[in-house]
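K.L.:
Fold the following for me, if possible:
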Amino acid sequence: MRVPWWRPYSRLVLVGDRGADWSIADDVRQLGALASRLGVRLGPGRLGPRLGGQSVFYASQFVLLAEPRPWPTGRLGVAFLHGRPGTPGYPEFDRCWESLRARHELLDRVQVSHVEMEELVLGTGIEPGKVFRIPIGVDADAFRPGPRARRAGIPASAFVVGSLVKDGIGWGEGREPKAIKGPDVLLRALELAAARIPELFVLLTAPARGFVQAGLARLGIPHLHLPVERAELPEIYRLLDACVVASRQEGGPKAVLEAMASGVPIVTTRVGQAGDLVEDGRNGFLAPVEDAEGLADRLVRVRDGGLEPLVAAGLATARENSYEALAPRWRALLEGFVEVP
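P.N.:
Predicted structure coming up:
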């Protein structure tokens, strides 16, 4: 028998942030595809008058900052992936956590991607059974090892380090740095690495990279910015010898699993789910937050080679955290939240 659209909780509605987003829009696409594979019926990805009685999952916790308004009358879920209260310069993090603390009884599900955020969310007093720790996965069909590629503008002899994190404010040139993404730490790490790796070349993607581009030019480090779409990222990883993340806070970063799945050594600070997934020297390289020297040292270790076991261990970690492998954990979140066959 056909289920009418108004049957309570019969459809899942996925909602991202307003406007364009380099990462969250991809989260919505991936979660929608996963839910469809699980047999969940999806509703329109927007709020509207026909959402009464439906299950709505917000892909960003910052929706909690909205002024009180009639929320949808069905079940509500939210991804609370990053935003440590008390972070200087980011009062929205405090407001978001306080909003969760004040309104957690209205929520039925909260997804966190790593241990630190799980502890912060539980600190709001929310019922532990509502909180599900599920990493931001990787599309293992799209990101996979492949033959090393070269591209015009990158010297054939270069040691290519990729930085794929949006680290500027806004959607323009990004000349104002986004501090939590650590672009200043990144520049210092690359400066130190370039002194020991004369052939170092930096490949940038993602929007708003103006601050880092200007810094690399000032330091005389050769680089190229390719403002590609996310769908083109698998090909970008095939240009890399190493991938680096210098962030101070993250929900992912997605680059960790993407690099591992692509057979590219990851060098990252201990942020977000990197701290849960990366074991320094075993499946990737991990340095303390703000440790530019540690990042540079690990880039030199990648250049020195002999990392076949590390790359193989990284591939195994990526497979264990592919969207397909994480499907049972998402099913556990969705059951009781929306109809799951």
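
K.L.:
Do a quick rundown of the strands in the protein.
P.N.:
Counting by DSSP state E, the segments of the chain that form strands are 12-15, 55-58, 76-79, 109-112, 131-133, 159-163, 200-204, 223-225, 242-245, 266-269, 285-287.

K.L.:
Could you provide those strands in CSV, with additional columns for mean neighbour count and mean pLDDT?
P.N.:
(Glycine included, C-beta is placed from N, CA and C.) Below are those laid out as CSV (neighbours: other C-beta atoms under 10 Å; pLDDT from 0 to 100):
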stretch, mean neighbour count, mean pLDDT
strand 12-15, 22, 86
strand 55-58, 24, 88
strand 76-79, 23, 92
strand 109-112, 24, 97
strand 131-133, 18, 98
strand 159-163, 24, 98
strand 200-204, 23, 98
strand 223-225, 19, 97
strand 242-245, 28, 98
strand 266-269, 29, 98
strand 285-287, 24, 98
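
K.L.:
any chance of the ones you listed in TSV, with distance to C96 too?
P.N.:
Compiled in TSV, the strands of the chain are given as follows (distance: least, C-beta to C-beta, whole Å):
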stretch	distance to C96
strand 12-15	16
strand 55-58	12
strand 76-79	10
strand 109-112	12
strand 131-133	16
strand 159-163	27
strand 200-204	29
strand 223-225	31
strand 242-245	23
strand 266-269	22
strand 285-287	27
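
K.L.:
of all those strands, which lies closest to R303?
P.N.:
Ranking the strands of the chain by proximity to R303 (C-beta to C-beta) places strand 159-163 first, at 5.3 Å.

K.L.:
what pairs with the closest one, and is each one parallel or antiparallel?
P.N.:
Paired neighbours of strand 159-163 in the sheet (DSSP bridges): strand 200-204 (parallel), strand 242-245 (parallel).

K.L.:
got the CA coordinates for that strand in PDB?
P.N.:
Extracted in PDB, the C-alpha atoms of strand 159-163 (Å, rounded to 0.1, in the frame of the first residue of the first chain):
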ATOM      1  CA  PHE A 159      57.700  17.200  -4.500                       C
ATOM      2  CA  VAL A 160      54.000  18.200  -4.600                       C
ATOM      3  CA  VAL A 161      52.300  19.000  -1.300                       C
ATOM      4  CA  GLY A 162      48.500  19.500  -1.500                       C
ATOM      5  CA  SER A 163      46.500  21.800   0.800                       C
END
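
K.L.:
Other residues contacting that strand?
P.N.:
With contact meaning C-beta atoms under 8 Å, 6 or more residues apart in numbering, strand 159-163 is reached by 154, 186, 190, 193, 197, 199-205, 212, 236-237, 239-246, 255, 259, 264, 299, 303.

K.L.:
burial measure for E119, as a count.
P.N.:
Residues lying near E119 (other C-beta atoms under 10 Å) number 10.

K.L.:
Mind pulling up the pLDDT for it?
P.N.:
The model reports E119 with a pLDDT of 97.

K.L.:
how much space between it and E98?
P.N.:
Counting by C-beta to C-beta, to the nearest Å, the gap from E119 to E98 is 17 Å.

K.L.:
Quick one: residues contacting V289.
P.N.:
Taking C-beta under 8 Å, 6+ apart, we find V289 in contact with 182, 247-248, 269-271.
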